[in-house]
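> generate a structure from the sequence data that follows.
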Amino acid sequence: MTTYTVGNDVQALVADIGSYSTKIGYAGDDHPQALYNSTTAVVKAQNNQSSASSNFAKPPKRDFTLRCVDGANGDGDYNLVNPVDPVTGWLFSPPSRNIGASSLSANEQQSSTATADAWESHELVNSYLQHAFQHSMGLSRGNNNGGGVDTTVDYSHHHPLLLLDKSHTPPALRQRLLEIMFETHNLPAVFFLRDAIAACYAVGRTTATVVDVGYSGTMVTPVYEGFVERNGVLRNNACGARNIEERVLEMMDGLVVSQGGRKRKERLRRRAKEKLELQQQQQQMSGVEQPSPKKAKRDDKGHFIKEKGIVASSISIPDYLMPLYQVRRASYNPRKDPFHAWSRLALAREIKECGLGVAVGPMGYVSSTAAPSEDVNGDAAAAVGEGGAVVNPAAASNNMFLTAAKLPYTLPDGTNVEISTASRCDVVELYFGNDEQNSLYRDNIFDETVQKLEEYSKEVEDFIAEGDDDDKEETNEGGSKSITSISAARGDPYSNTSYRGEKSSRFAGSRRNNKKTQYSPNVISTKLYTACLPYLRTEPPNGSLDEGGNTSNVNDNYFHFLTSASPAQMVCDAVYRCDRDQQAKLLGDVVVCGGGACITGASGVVGSSALGGGGAVGGSSLLGDEQAFPDRLREEVEAIVHKHTMGWRVKVTSPNISERAICSWLGGSILGSLGTFQDMWISKQDYEEYGAAIVNRKCP
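Next up is the predicted model:
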């Protein structure tokens, strides 16, 4: 096995493709050089289009929050896509989203190469890496000038890449991504690092329980001496930053109705009437020939009839939080649903990040809108909160938050609202609250996730069954074999975890001319889905349960990571799934990272005036305690652990709030810059000799 060594003048690249943002930069830096949103706008190809080698008819566009993607035509046929599947957290695309692979005919599959991207998510990964290499980092392949190459331009294929992936990613997906890195981007060396291990390195740990509060959910991963304990990995799709933003939207919609009222609608109607009248005047002035003046109309009695103009009362005003683009429109008409919903979430994200929408309450906080418990005195008078919500009498202990000064905020439409501290704390109780309302919400998201995984499994099974009908094997003009059916393929490179087994399958039938076997995109998709199908199932396979009905360790290749518990309970459950000798050390170091954990405490936000056009109080907010989220998590975990194990110490570590969202990338940057790490790269020669399954051995 060869050893790849990075030169002194060449830096390694570190890439982290998350569900909200993509971060790419050089190893050794303290901040990624390319940081952009993972959600992008594309036009998907149709089944009848000849350009079936791509899932997209037009290149992706990123500027879609404040303006229409297709210019004057609105958003056109564009739609929002993301390479990270929100259900599984993988770089995965179900068959219903992959148009290019399924629409290829037999002749098109014969002319396709093995490096064609059959999946939508993998094509987006290629696009994101290419965009970062060429535009954000200045790495391009250069141009030939008179037969020579411009040496002033750095080339992306000179830099090795360290790619972060999730701890529960199936081996087949990692193998396919390794093929893409070498075959498509021609990188000299690649290494796949688990994001939980990278988060440990970022805070100087090798053993810890990592709580990654991401955009699409929360992942809890035990890491012991630099290796992931797969039995303890847990995922909760209800405790993500997107769920918090949706709750902020619900809170702000209630404030718009309760505090905006009739005055808001009258003011917006007058503004809309002025805009529409101004547009009519501009249209009349822009005409080449001015229309002749019309004669005034009279009634039967000879009285002049006044022509009716725009009636303000006929203009409809939405009863919800309108984003900035909608306020700028004269008639306040919204865009189509994916873009309108994203713009509203972007405004809620702005309110959350400036400290006005969310706040972490102290230990023992009771949600003011939770249903009263049965032991509450029935004579207690239930107060009425914002938006007409009934306040829980048990929340009387939170009197300091119910009576605290409210924070003013100016919406984009000019409406002034006041946000109470109790409402801000109620939003974050989704992470910590065990009341009926929050528990029911998490249970509903859990049921929806299970249902979605079952739909994925059904789609994959149908796709595999359709692929078994084709049984043809063609030969390219160059002499290398192009296999267009599953039954004709010799070997299965994505289901063999042994790199030697994959080595024999990659070169099967082509030893004489020393050329690799080329699979068509449709075959690649079928092989990948066949290998990933067991990991999509929500129940253990047959024969994996012992006599007592407990799950055995014979075969754990199914999606057993889902849970509906709170993050504090997830930490305890993840640790208790590990060996007894490891539990004390795993609880002694809990690392909190992720953009969803960038929430401050309830105190400290003060100000005196509101910004015009939407903004925080006084132009800036003095945020509360940055360690409020880790401290609250530590107290919640201690309350659970100390019920039966009083001697165990619980310590929670987290970077400062400016580095918490890029914690995993920082860990990869630290590891990629170490001199002792250079022997761990997967070189191009290793890939050619052992195949893509080498990633499962060198990158556990």
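> so which strand or helix has the spatially closest residue to Met680 that is not a sequence neighbour?
Closest residue in space to Met680, ignoring its immediate chain neighbours: Phe191 at 6.1 Å, by CB to CB, 6 or more residues apart in numbering. Every C-beta, even on glycine, is put in place using the N, C-alpha and C of the backbone. Assigned by DSSP states H and E, Phe191 belongs to strand 189-194.
> where along the stretch 551-700 of the chain do the helices fall?
Assigned by DSSP state H, counting those that start in this stretch, the helices in the stretch 551-700 of the chain fall at 567-576, 580-588, 628-641, 663-672, 684-690, 695-698.
> list the helices and strands the following helix or strand past the strand holding Phe191 packs on?
Per DSSP H and E, the first helix or strand lying C-terminal to strand 189-194 is helix 195-202. The helices and strands touching helix 195-202, judged by 3 or more CB pairs under 8 Å, 6 or more residues apart in numbering; DSSP states H and E, are strand 161-165, strand 208-213, strand 218-224, strand 227-228, strand 590-593, helix 663-672.
> Three-state assignment for Pro408, please.
Three-state call for Pro408 (DSSP: H, G, I helix; E, B strand; the rest coil): strand.
> just confirm it contacts Val417, I think it does.
Yes: using CB atoms under 8 Å, Pro408 is in contact with Val417, at 7.3 Å.
> how about the closest residue to Leu453 other than its chain neighbours, what does it touch?
Ranked by CB to CB, 6+ apart and with sequence neighbours excluded, the top spatial neighbour of Leu453 is Thr538, at 5.2 Å. Contacts of Thr538 were listed using CB atoms under 8 Å, 6 or more residues apart in numbering, and they are 450, 453-454, 558-559, 562.
> which secondary structure element contains Thr538?
If you go by DSSP H and E, Thr538 is not part of any helix or strand.
> from Lys452, how far out is it?
Distance, Thr538 to Lys452, using CB to CB, to the nearest Å: 10 Å.
> shaky segments in the stretch 101-250 of the chain?
Along the stretch 101-250 of the chain, the parts satisfying pLDDT under 70 run over 101-118, 140-157.
> which residues in it form helices?
Taking DSSP H, counting those that start in this stretch to define them, one finds helices in the stretch 101-250 of the chain at 106-111, 120-131, 171-183, 195-202, 241-255.
> just put those in CSV and tack on distance to Thr530.
Formatted as CSV, those follow (distance: least, CB to CB, whole Å):
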stretch, distance to Thr530
helix 106-111, 17
helix 120-131, 16
helix 171-183, 8
helix 195-202, 26
helix 241-255, 31
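> turn those helices into JSON lines, including mean neighbour count and distance to Val591.
JSON lines is the format used below for the helices of the stretch 101-250 of the chain (neighbours: other CB atoms under 10 Å; distance: least, CB to CB, whole Å):
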{"stretch": "helix 106-111", "mean neighbour count": "16", "distance to Val591": "46"}
{"stretch": "helix 120-131", "mean neighbour count": "22", "distance to Val591": "26"}
{"stretch": "helix 171-183", "mean neighbour count": "22", "distance to Val591": "23"}
{"stretch": "helix 195-202", "mean neighbour count": "26", "distance to Val591": "5"}
{"stretch": "helix 241-255", "mean neighbour count": "21", "distance to Val591": "18"}
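> nearest to Pro362, out of these?
Of all the helices of the stretch 101-250 of the chain, it is helix 241-255 that lies closest to Pro362, at 18.4 Å by CB to CB.
> which residues are contacting that closest one?
Outside helix 241-255, the residues that touch it by CB under 8 Å, 6+ apart are 20, 86, 213-216, 319-321, 344-345, 348-349, 351-352, 357-358, 386-387, 389, 411, 417-419, 423, 426-428, 430, 445, 594-596.
> now the strands for the stretch 351-500 of the chain?
Under the criterion DSSP state E, counting those that start in this stretch, strands of the stretch 351-500 of the chain are mapped to 407-410, 416-419, 473-475, 481-483.
> any idea how far the first one is from the middle of the chain?
Read that as strand 407-410. Distance, stretch centre to chain centre, for strand 407-410: 29 Å (CA atoms, centre = their mean, to the nearest Å).
> and the pLDDT at the nearest residue to Glu418 once chain neighbours are set aside?
Nearest residue to Glu418 in three dimensions, chain neighbours excluded: Lys406, at 3.8 Å (CB to CB, 6+ apart). pLDDT, Lys406: 88.
> try Ile305
Listed pLDDT for Ile305 reads 61.
> now swap in the one 10 residues further on and tell me
At Ile315, the predicted lDDT confidence score is 79.
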